[in-house]
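In: starting from these lines, generate the structure:
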Amino acid sequence: MENILLIINIVLAIILVGLVLVQKSEGGALGIGISQDSFMFSRSAGDFFTKATGFVAALFIICSLSLTIISRGELIPTTSVLDKIEESDDETPEIPENNN
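Out: Presented below is the predicted three-dimensional model:
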């Protein structure tokens with residue numbers, strides 16, 4: 001199950017990067033520099049890409065959280081670092097008194 005979710009997560013990441021790069025650049029930032037007279041980048045296509053990007057991003061986040069939850073189930077509970085420090089405090093040697 002974890003391998004399937006990992007493959008889906010990688011595919012969603014690639015699709016998400018592709019959708020972001022295909023979108024029209026609105027501030028001269030990133031984007032493919034195709035002329036704005038193109039049919040593909042009309043107002044409705046921009047809305048579609050915006051909605052598709054949001055949808056794929058939501059799926060990517062859900063898939064990433066699912067992977068995290070599944071992988072946590074395989075962790076072996078260990079003792080806390082603070083517990084180890086408290087245990088070692090009992091074994092500290094005493095400082096000898098100064099006999100001057």
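In: need the pLDDT of Leu6.
Out: pLDDT for Leu6: 92.
In: give me the nearest residue to it, chain neighbours excluded.
Out: Leu67 (6.5 Å; Cβ to Cβ, 6 or more residues apart in numbering). Placement of C-beta: from N, CA and C, glycine included.
In: the helix or strand that neighbour falls within packs against which elements?
Out: Assigned by DSSP states H and E, Leu67 belongs to helix 43-72. Helix 43-72 sits against helix 2-22, with contacts defined as 3 or more Cβ pairs under 8 Å, 6 or more residues apart in numbering; DSSP states H and E.
In: what sits up against the helix it packs on?
Out: For helix 2-22, the surrounding residues in contact (Cβ atoms under 8 Å, 6 or more residues apart in numbering) are 30-32, 49, 52-53, 56-57, 59-60, 63-64, 66-67, 70-71.
In: buried only: go through the residues you listed for me.
Out: The neighbour-count test (16 or more other Cβ atoms under 10 Å) marks Phe49, Thr53, Val56, Phe60, Cys63, Leu67 as buried among those.
In: mind putting those into CSV with distance to Asp83 and pLDDT?
Out: Compiled in CSV, these are given as follows (distance: Cβ to Cβ, whole Å; pLDDT from 0 to 100):
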residue, distance to Asp83, pLDDT
Phe49, 52, 86
Thr53, 46, 92
Val56, 44, 95
Phe60, 37, 96
Cys63, 35, 95
Leu67, 29, 91
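In: for these, give me JSON lines that also has distance to Glu97.
Out: Formatted as JSON lines, the entries for the buried ones among the contacts of helix 2-22 read as follows, by distance: Cβ to Cβ, whole Å:
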{"residue": "Phe49", "distance to Glu97": "78"}
{"residue": "Thr53", "distance to Glu97": "72"}
{"residue": "Val56", "distance to Glu97": "71"}
{"residue": "Phe60", "distance to Glu97": "65"}
{"residue": "Cys63", "distance to Glu97": "64"}
{"residue": "Leu67", "distance to Glu97": "59"}
